[in-house]
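**Student:** here's a sequence, model it:
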Amino acid sequence: PADVGLSHKKVDYIQTDAALNPGNSGGPLVDVESGCIIGINACIRSNMEGTSFSIPINKVQEILPDLSAGKPVHHSYIGASMADCTPNWARQLNRNNNKAWQVPEVQGALVSKVHSKSPAANGGLLINDVIIDIGGTKVTSSDAASRCIDRAPVGKDLILTVIRGGSPVNIRVRPVDLATRLKEMRAERQKQRRQPRKLLEDILPLG
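**Tutor:** Numbers count the residues shown, from 1 in each chain. The predicted structure follows:
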């Protein structure tokens, strides 16, 4: 099994101490008391000996019809990094903060980064916005926000309600497919790495 890629993790894995070895991925995780399959073994972390991760069976059941039909499983991406925000945490942060901006003292998901050229950036989402609702679903944490975004349809408008400057603001974003965006980002990085080499070739004499 592969290591868990936490930076782009899109599944709430079940963490277990069941031993997994190469070739075990895709096998069932069984509850020894009930005999029920509760997950599908997926991966390990090389720096967490004796710990493995499985995809919850309810998530498998959600995507099984598409997988059986040979359809791709999409994960929506808007290009924003988030952190948990609570009124007490925001209040304490604002008390110790000498900067001009203040974090809204509400429960939700605080936007800590907006990636350039992303749906979030194009829609006008800003750092320090606190997301409290996504598509009509109340948001109380960054995990809840991530789940709502992940389940949103790709290519269709999604309304985020944020608190900005003490007032609610509606942001319209159009999620893209995560896998497609990752391919584009890799292509952009490869292009950037080639540019300095091409510049040197243009500057240096040929012989």
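**Student:** any idea how many residues pack against Gln190?
**Tutor:** Using other C-beta atoms under 10 Å, Gln190 is surrounded by 9 other residues. (Each C-beta comes from the backbone N, C-alpha and C, glycine too.)
**Student:** got the phi and psi for it?
**Tutor:** Dihedral angles phi and psi of Gln190 (degrees, to the nearest 10) take the values phi -60, psi -40.
**Student:** same check on Val114?
**Tutor:** phi -120, psi 120.
**Student:** mind listing what it touches?
**Tutor:** 79-81, 120-121, 125-127 (C-beta atoms under 8 Å, 6 or more residues apart in numbering).
**Student:** cutoff 10 Å now
**Tutor:** Shown in contact with Val114 (C-beta atoms under 10 Å, 6 or more residues apart in numbering): 78-81, 120-127, 129.
**Student:** who does it form a beta bridge with?
**Tutor:** Beta-bridge partners of Val114, counted by DSSP bridges, are Ala80.
**Student:** which of the contacts of Val114 count as buried?
**Tutor:** 78-80, 120-121, 123-125, 129 (16 or more other C-beta atoms under 10 Å).
**Student:** widest-spaced pair of the residues you listed?
**Tutor:** Gly79 and Asp129 (13.5 Å; C-beta to C-beta).
**Student:** anything in contact with each of the two?
**Tutor:** Counting by C-beta under 10 Å, 6+ apart, the residues touching both Gly79 and Asp129 are 114, 120.
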